[in-house]
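Peer 1: would you be able to build a 3D model of this:
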Amino acid sequence: MRVVSLVPSLTEAVAVSAAPGTLVGATDWCTHPADLGAAVRIGGTKNPDVAAVAALRPDLVVANEEENRAPDLDALRAAGIDVLVTEVRGLEQAFGELDRVLAACGVRSRPGWLDAAEAAWADLRPYDPPRTAVVPVWRRPWMVLGRDTFAGDLLARLGIRNVYAGHAERYPRVPLDELNAAAPDLVVLPDEPYRFTRDDGPEAFPGAAAALVDGRHLTWYGPSLAEAPASLARALRAAHR
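Peer 2: Coordinates of the predicted model:
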């Protein structure tokens, strides 16, 4: 198999699970594992170089309906390339899609990290009672997690109730004054896609405790899922005003 991945999460999953040499192409944003061997960088998730992908003669391109743009995927199909598009809006769906992707990439035995991830998430002790939170993913303008998001599902399993989980949009733009008026217990600030830090983000929410979390553990679906519950729980416990 020759596989090109347009999704950082799936790149990591394929790289650590499939036979060596399977992954022949990955995006510029694919940072894990640290050594991707001979995999060629083919641009970003939103602007892949279709010609460069085609030149790699892949048997399969793996993509995601949220991370990648339909016109790019259509162009790859028009070039005669098989494209597998995943949909991941919750943890259970992520596990199912990972099984599907790895099988399509020639992985015959379920990897141990996937079993470990399922076990880690099954053995949770969420906050009781739940704590309310707003979860910004961008600044200038402010954007937050809304309905039907993978990250929102992970937080819900940890006992964090997203104030905007019932919003009509999945990633709504909400003015800062409205976010603060919601009076959440927490503001959860990941370091991707926007890199929130201790000095960039918490100051905008003076009435809420700030939890700075690893964006990979909050938003990636792959080997990081095995360590994500413990990592996120530590960050949430360490939240400070």
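
Peer 1: which residues in this structure form strands?
Peer 2: Ranges of strands in the chain, per DSSP state E, are 3-5, 23-26, 40-41, 60-64, 83-86, 131-134, 136-138, 143-144, 160-162, 186-190, 209-213.

Peer 1: shaky segments in the protein?
Peer 2: The chain contains residues with pLDDT under 70 at 240-241.

Peer 1: that older thread, can you redo the strands of the chain as JSON lines with mean neighbour count and distance to Asp177?
Peer 2: To be clear about C-beta, it is placed using only N, CA and C from the backbone, and glycine gets the same treatment. Written out in JSON lines, the entries for the strands of the chain read as follows (neighbours: other C-beta atoms under 10 Å; distance: least, C-beta to C-beta, whole Å):
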{"stretch": "strand 3-5", "mean neighbour count": "29", "distance to Asp177": "40"}
{"stretch": "strand 23-26", "mean neighbour count": "26", "distance to Asp177": "41"}
{"stretch": "strand 40-41", "mean neighbour count": "15", "distance to Asp177": "41"}
{"stretch": "strand 60-64", "mean neighbour count": "25", "distance to Asp177": "33"}
{"stretch": "strand 83-86", "mean neighbour count": "19", "distance to Asp177": "37"}
{"stretch": "strand 131-134", "mean neighbour count": "21", "distance to Asp177": "12"}
{"stretch": "strand 136-138", "mean neighbour count": "19", "distance to Asp177": "14"}
{"stretch": "strand 143-144", "mean neighbour count": "22", "distance to Asp177": "13"}
{"stretch": "strand 160-162", "mean neighbour count": "21", "distance to Asp177": "19"}
{"stretch": "strand 186-190", "mean neighbour count": "26", "distance to Asp177": "14"}
{"stretch": "strand 209-213", "mean neighbour count": "22", "distance to Asp177": "18"}
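
Peer 1: right, and these - which one's nearest Phe95?
Peer 2: In terms of C-beta to C-beta, the element of those nearest to Phe95 is strand 83-86, at 11.6 Å.
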